[in-house]
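# Provided below for reference: sequence and predicted model.
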Amino acid sequence: MTYGTGYDATSESAYYAHGTPAERWERARLFFDARDYTAAARVLAPLVDEVPEQTGPRLLLARAYYHSAQLRRAETELRLIVERDPVEHYARLMLGRTLERQGRHTEAGPHLRIASALAGDFPED
């Protein structure tokens, strides 16, 4: 669809979806490394739909959502990861931080404690 300003949403969508899954993964990582988290998410969301069983793209998508303040979306992706793999340390940590950032400290606590235990961070007596 073209708007009066010369903006073409179809070609923009095609840009983010262009290439093989491996090429899109690399493009998403470049956007993420450049701190363009919104663009990274735009590349990653369709990729995650294509390869829903892969944790890497979903975790990077969750991180992109987190860094672009799309906290509910980040939470959704992180909960899916934790549901599939309860000992995925980084997803637990990110889920706890995402919940904290939303002011949901009581919900965040168990995830942060589990992440800490999985990382081997035990309190000294």
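Now that the structure is in, tell me what you want to look at. Small disclaimer: the values here were computed from a predicted structure and weren't measured.
# quick one, helices of this structure?
For the chain, the helices defined by DSSP state H occupy 9-17, 21-33, 37-50, 55-67, 71-84, 89-101, 105-118.
# in TSV: those, plus mean neighbour count and mean pLDDT.
(C-beta placed from N, C-alpha, C; glycine too.) Output for these, formatted as TSV (neighbours: other Cβ atoms under 10 Å; pLDDT from 0 to 100):
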stretch	mean neighbour count	mean pLDDT
helix 9-17	12	63
helix 21-33	16	94
helix 37-50	20	95
helix 55-67	22	97
helix 71-84	18	97
helix 89-101	21	96
helix 105-118	15	94
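# quick check: chain neighbours aside, which residue is closest to Gly19?
Of all residues not flanking Gly19 in the chain, Arg27 sits nearest, at 6.9 Å (Cβ to Cβ, 6 or more residues apart in numbering).
# same check on Arg101?
The spatial neighbour of Arg101 that comes closest, neighbours along the chain excluded (Cβ to Cβ, 6+ apart), is Leu71 at 5.8 Å.
# show me the contacts for the most centrally placed residue in the chain.
Among the residues of the chain, the smallest C-alpha distance to the mean C-alpha position (Cα atoms, centre = their mean) belongs to Ala62, namely 1.3 Å. For Ala62, the contacting residues are Arg73, Ala74, Glu77, Leu78, Ile81, Ala91, Met94, Thr98, taking Cβ atoms under 8 Å, 6 or more residues apart in numbering as the criterion.
# out of those, who's nearest Leu118?
Comparing the contacts of Ala62 against Leu118 with Cβ to Cβ picks out Ala91 as the nearest, at 10.2 Å.
# wait, isn't that closest one in contact with Leu59?
Yes. In this structure Ala91 lies within contact range of Leu59 using Cβ atoms under 8 Å: 6.1 Å.
# returning to what we had before: ok, and the closest non-adjacent residue to the residue nearest to the centre of the chain?
Glu77 (3.8 Å).
# likewise for Arg72?
Closest residue to Arg72 apart from its sequence neighbours, by Cβ to Cβ, 6+ apart: Gln102 at 8.0 Å.
# state the distance from that neighbour to Ser68.
Applying Cβ to Cβ, to the nearest Å, one obtains 14 Å for the distance of Gln102 from Ser68.
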